[in-house]
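Visitor: Sequence below, structure please.
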Amino acid sequence: MPVKLTRNAIAAINGGDINSKPLVQVLDIKLIRGTQERYLLLLSDSESTQQAMLATQLNYRVRTGQVKKESIVQLIDYIYST
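Guide: Now for the predicted structure:
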């Protein structure tokens, strides 16, 4: 069953909208090693792409395969920073 991504969600978030709960697709995941294990995600809303850091308390979702390339995820709680 096709899922409709939230078009222009990335532009809206970059414009300051932190109240929407958009559906986006994970295009890529990169593990960043440092003092803490972090995951850098490349997200798409079908119009634009944006890199995002996954909160460390959600790392298990990548490790268990709940979130992987081509997954559709809903952004519920997020912070935009420049």
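Visitor: can you pull out the strands in this protein?
Guide: For the chain, the strands defined by DSSP state E cover 23-32, 38-44, 49-53, 72-74.
Visitor: what would these look like in a markdown table with mean pLDDT and distance to Val3?
Guide: All C-beta spots, glycine's among them, are computed from the backbone N, C-alpha and C. As requested, the strands of the chain are exported to a markdown table (pLDDT from 0 to 100; distance: least, CB to CB, whole Å):
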| stretch | mean pLDDT | distance to Val3 |
| --- | --- | --- |
| strand 23-32 | 97 | 6 |
| strand 38-44 | 97 | 12 |
| strand 49-53 | 96 | 17 |
| strand 72-74 | 97 | 5 |
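Visitor: Of all those strands, which one is nearest Val62?
Guide: Closest of those to Val62 is strand 38-44, at 5.2 Å (criterion: CB to CB).
Visitor: Deepest in the core, which of the strands of the chain is it.
Guide: Stretch with highest mean neighbour count among the strands of the chain: strand 38-44 (a mean of 17; mean count of other CB atoms under 10 Å).
Visitor: now that one and strand 49-53, what's the angle there?
Guide: 160 degrees (axes from the mean of the first three to the mean of the last three CA atoms, to 10 degrees).
Visitor: What is strand 38-44 packed up against?
Guide: Here strand 38-44 touches strand 23-32, strand 49-53, helix 59-63, going by 3 or more CB pairs under 8 Å, 6 or more residues apart in numbering; DSSP states H and E.
Visitor: Give me the sheet partners of that strand and which way each runs.
Guide: Strand 38-44 sits in its sheet next to strand 23-32 (antiparallel), strand 49-53 (antiparallel), going by DSSP bridges.
Visitor: Just tell me which of those ends up closest to Tyr39.
Guide: Tyr39 lies closest to strand 23-32 among these, at 5.7 Å (CB to CB).
Visitor: mind listing what the one residue sitting closest to the centre of the chain touches?
Guide: The centroid of the chain falls nearest to Leu43 when counting by CA atoms, centre = their mean (5.0 Å). Applying CB atoms under 8 Å, 6 or more residues apart in numbering, we find Leu43 in contact with 10, 24-27, 49-52, 73.
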